[in-house]
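Colleague: sequence first, predicted coordinates after that:
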Amino acid sequence: PDKEFEMARDYFAPCLAQSSVVVDMSCATGLFTRRFAAMDEYDRVLGCDYSESMLVEARRRIQAERSLSNLRNTHLDLVRLDVGQIPFQDSSVDERCMPVQQCIVGPIW
């Protein structure tokens, strides 16, 4: 996972250098959500998933990860939503992370 996260971080770097909201779509257990939040460089990191059980597990893992309890710059949230009905206003998200879904549904922003 570290190599994949490095690739995602590097890919998003140009956009996120000027912006501060990251959305991890279909975050499952929140692996990338936790990694982006742990960087503590963004104003907000959102982990989104439709499955309540995945969000419960993501929340458990966030609580178990000590570094995430001391974030100074990043507000971390988990949100249950259907990726087909995203409740974001236009231009309110700087970048999104959805590795598997990207190749299935294509760009959504």
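Modeller: Yep, it's here. Residues are numbered from 1 along each chain as shown.
Colleague: model confidence for the closest residue to residue 67 other than its chain neighbours, exactly?
Modeller: What sits nearest to residue 67 in space, not counting adjacent residues and going by CB to CB, 6 or more residues apart in numbering, is residue 38, at 5.2 Å. C-beta: built from backbone N, CA, C; applies to glycine. Here the pLDDT value assigned to residue 38 is 94.
Colleague: so how far is residue 31 from residue 38?
Modeller: The span separating residue 38 from residue 31 equals 11 Å under the rule CB to CB, to the nearest Å.
Colleague: go through the longest helix seen in the chain and flag the buried ones.
Modeller: Longest helix in the chain by number of residues, with DSSP state H as the criterion: helix 2-16. Burial within helix 2-16, assessed by neighbour count using 16 or more other CB atoms under 10 Å, is assigned to 5, 8-9, 12, 16.
Colleague: quick check: the farthest pair among those residues?
Modeller: In the buried residues of helix 2-16, the most distant members under the criterion CB to CB are 5 and 16, with 13.5 Å between them.
Colleague: and residue 32, how many neighbours does it have?
Modeller: Burial of residue 32 is recorded as 23 neighbouring residues (other CB atoms under 10 Å).
Colleague: tell me where this structure has helices.
Modeller: In the chain, helices defined by DSSP H lie at 2-16, 31-39, 52-64, 99-105, listed in chain order.
Colleague: relative to residue 65, how far out is the spatially closest residue to residue 75 that is not a sequence neighbour?
Modeller: Taking CB to CB, 6+ apart as the measure, residue 75 lies nearest to residue 44, with 4.8 Å between them; neighbours along the chain are not counted. From residue 44 across to residue 65, the span is 18 Å (CB to CB).
Colleague: repeat that for residue 76.
Modeller: If you measure residue 76 against residue 65 using CB to CB, the figure is 10 Å.
Colleague: residue nearest the centroid of this protein?
Modeller: Nearest to the centroid of the C-alpha atoms of the chain, with distances taken as CA atoms, centre = their mean, sits residue 24, at 2.7 Å.
Colleague: sweet, I'm off.
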